[in-house]
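S.K.: Quick one, fold the following:
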Amino acid sequence: MEYEEVKKGLAGVIVDNTAIASTDSNGTLIYRGYAAEELAEKSTFEEVAYLVVYGHLPNKKELLKFSNLLNRNSRVPQNINKIMKLLPRNTPAIDVLRSMVSLMPLNGDENDGKLLEIAAKIPRIISDWHRLSKGSAPLRGTAETYAERFYYLLTGNKSKSDARLLEELLILYMEHEFNASTFTLRVAASTLTDPQAAMTAALAAIKGPLHGGANAEILDYLLPMKSTPEARKYVDGKLRKKEKIMGFGHRIYKNKDPRAQYLKERLRGLAAAKGAEKLYNIAVAIEDEMWKMKNIPANMDFYAAICMYLMKIDSSLNTPIFAASRSFGWTAHYLEQVSNNKLIRPSSRYIGMLGMHL
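M.R.: Residues are numbered from 1 along each chain as shown. So this is what the prediction gives:
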């Protein structure tokens, strides 16, 4: 009997159509027809989130209504904070976020309302837990924009320039077609489970070190380095041992990750402003050596982790921040999946024992 080839990890397998985002190996990322880098450079987070969820850029009235919705729903119920206070303080923030989202009481009736209510609350959950875990009182941000509010909740600072860079980073993290967490959400949505359960499933998937959890490990090896020769020596040593270096390689992007290159240019200016040129040069040396030795490009996580470090964002929050942004992409995918639904149930090839008897 002949069998079709098994594509491990569904590599190269087209499982459905989507009108939300597209990527290719040459380094292209498109949201609803627009280049993601152009959106990051010229648009606000709210504009791009609206585009991703609803399929078109908002007019002034739509944008105001959407921004007000996110602001109005950003508060976390007191009962959720009471639950967080009962948790061990060393609980990872992504675990707390996943659990609180699963327990969150929602007011919306329509799927998009429920999903956006969850997405609007994620920054506050992240901030409240981070503060509570350190024995501090939660912050109450009053900034009008999503990015400025989020940056203040993360750091307690009100730097307009750092908040703008965070906004660009969040836009670039927002959507990436059928990545692991998004596909997990779509599988859950295909069962017609509720938005809350599907979002919780996506949060479980994003924690993994081969997906969202990778960026938390990058600073561990990067910050102790003292020079560019040391950086190159580190790369050579890891490659000789055939060990993985976090922040490099991508299933889709084989030549360059457009998001990484965008952030690399932003990091150049940020490093100069913060007196961290040496750190920037070390990062570039690692990237150059990886490409020279293995033709493996830096991915977005590599430069995002460094940017957030220089913006004084605690590295334990990197993956939850990724999730906060991606929750708007998940919203779009849930709505797309249920609008033309078919239960996702692939087949498998059995390779176990046959003909066994008791």
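S.K.: domain ranges for this structure?
M.R.: Taking automatic domain parsing as the criterion, the chain consists of the domains 18-207+320-339, 214-310.
S.K.: mind listing what residue 259 touches?
M.R.: 29, 36-37, 172-173, 299-300 (C-beta atoms under 8 Å, 6 or more residues apart in numbering). C-beta here means a position set from N, CA and C on the backbone, and glycine is covered the same way.
S.K.: which one among those gets closest to residue 89?
M.R.: Of all those, residue 173 has the smallest distance to residue 89: 27.0 Å, by C-beta to C-beta.
S.K.: ok, back up a step: just put the contacts of residue 259 in a markdown table and tack on secondary structure, neighbour count and pLDDT.
M.R.: Below are the contacts of residue 259 laid out as a markdown table (DSSP: H, G, I helix; E, B strand; the rest coil; neighbours: other C-beta atoms under 10 Å; pLDDT from 0 to 100):
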| residue | secondary structure | neighbour count | pLDDT |
| --- | --- | --- | --- |
| 29 | strand | 25 | 93 |
| 36 | helix | 23 | 96 |
| 37 | helix | 20 | 96 |
| 172 | helix | 26 | 97 |
| 173 | helix | 24 | 96 |
| 299 | coil | 23 | 92 |
| 300 | helix | 26 | 92 |
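S.K.: Hmm, residue 178 and residue 15 touching each other?
M.R.: Yes - with contact defined as C-beta atoms under 8 Å, residue 15 and residue 178 form a contacting pair (6.9 Å).
S.K.: Angles on the backbone of the residue nearest the centre of the chain, please.
M.R.: For the chain, the residue nearest the mean C-alpha position is residue 322 (2.7 Å; C-alpha atoms, centre = their mean). Backbone torsions for residue 322, taken as degrees, to the nearest 10, come to phi -50, psi -50.
S.K.: In contact with the nearest residue to it once chain neighbours are set aside, which residues?
M.R.: For residue 322, ignoring the flanking residues on the chain, the nearest one in space by C-beta to C-beta, 6 or more residues apart in numbering is residue 212 at 4.7 Å. Contact analysis of residue 212 by C-beta under 8 Å, 6+ apart lists 94, 181, 206, 319, 322-323, 326.
S.K.: Can you report how many residues lie near residue 161?
M.R.: Counted by other C-beta atoms under 10 Å, the residues lying close to residue 161 total 11.
S.K.: so how far is the helix or strand hosting it from its chain's centroid?
M.R.: For residue 161, the element it lies in under DSSP states H and E is helix 160-173. Computed by C-alpha atoms, centre = their mean, to the nearest Å, the chain-centroid distance of helix 160-173 equals 13 Å.
S.K.: what do you get for stretch 174-182?
M.R.: Distance, centroid of stretch 174-182 to centroid of chain: 9 Å (C-alpha atoms, centre = their mean).
S.K.: What of stretch 43-58?
M.R.: Per C-alpha atoms, centre = their mean, the centroid offset for stretch 43-58 relative to its chain is 17 Å.
S.K.: Next, find the distance separating residue 82 from residue 245.
M.R.: Per C-beta to C-beta, to the nearest Å, residue 82 is found 42 Å from residue 245.
S.K.: And for residue 269?
M.R.: Distance from residue 269 to residue 245, by C-beta to C-beta: 25 Å.
S.K.: Please apply the same query to residue 51.
M.R.: 34 Å.
S.K.: who has more neighbours, the two?
M.R.: More crowded of residue 51 and residue 245, by other C-beta under 10 Å: residue 51, with 23 against 20.
S.K.: ok now the helix or strand of the chain with the lowest mean pLDDT, how far from the chain's centre?
M.R.: Using mean pLDDT, DSSP states H and E, helix 215-222 stands out as the lowest-scoring helix or strand of the chain, at a mean of 84. What separates the centre of helix 215-222 from the centre of its chain is 16 Å, taken as C-alpha atoms, centre = their mean.
S.K.: after that helix, next one along is what?
M.R.: helix 228-240.
S.K.: So for residue 15 and residue 178, which sits in the more crowded spot?
M.R.: residue 178 (18 against 12).
S.K.: Is the more buried one in a helix, a strand, or coil?
M.R.: Put simply, residue 178 is coil when judged by DSSP: H, G, I helix; E, B strand; the rest coil.
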